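*Asks:* Quick one, fold the following:
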Amino acid sequence: MQLSQGIHLDTIIARNKVNQLKKRLEELDVVEDARIARTTFYDQMAEVGQKGWWESIEQLNADEVTIFEVWLSDTCSKMRHHSNQLENGDPSS
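*Replies:* From the prediction side, this is the model:
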């Protein structure tokens, strides 16, 4: 009779462990679904932002285009300078 009770107890313990693992798996599935939804949302927002950015550039007048070109040139120059500093191992960059 004692062996039967021991097997019954082992069965209950194993069933509880399985239920705990199933619950944890469900929690992880929820986390993964949320991560996928968030990533998809950010990807869509980035795509919309890029479209909006380019559309706004297309509507610049001649003076605004000149200002944008100067800003873009200056930004590229600063980025090249910073890149060169990084390549040369400048610790202050």
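*Asks:* Measure how far the longest helix along the chain is from the centre of its chain, please.
*Replies:* Criterion DSSP state H: the longest helix present in the chain is helix 2-58. Taking CA atoms, centre = their mean, to the nearest Å, one finds the center of helix 2-58 at 15 Å from the center of the full chain.
*Asks:* any idea which helix or strand comes after that helix?
*Replies:* As assigned by DSSP states H and E, the chain's next helix or strand after helix 2-58 is helix 62-87.
*Asks:* and the angle for that following helix with helix 2-58?
*Replies:* Between the axis of helix 62-87 and that of helix 2-58 there is an angle of 130 degrees, by axes from the mean of the first three to the mean of the last three CA atoms, to 10 degrees.
*Asks:* Which per-residue confidence value corresponds to residue 12?
*Replies:* On the pLDDT scale, residue 12 is placed at 93.
*Asks:* For residue 75, give its distance to residue 46.
*Replies:* 20 Å (CB to CB, to the nearest Å). C-beta coordinates here come from the backbone N, C-alpha and C atoms, glycine included.
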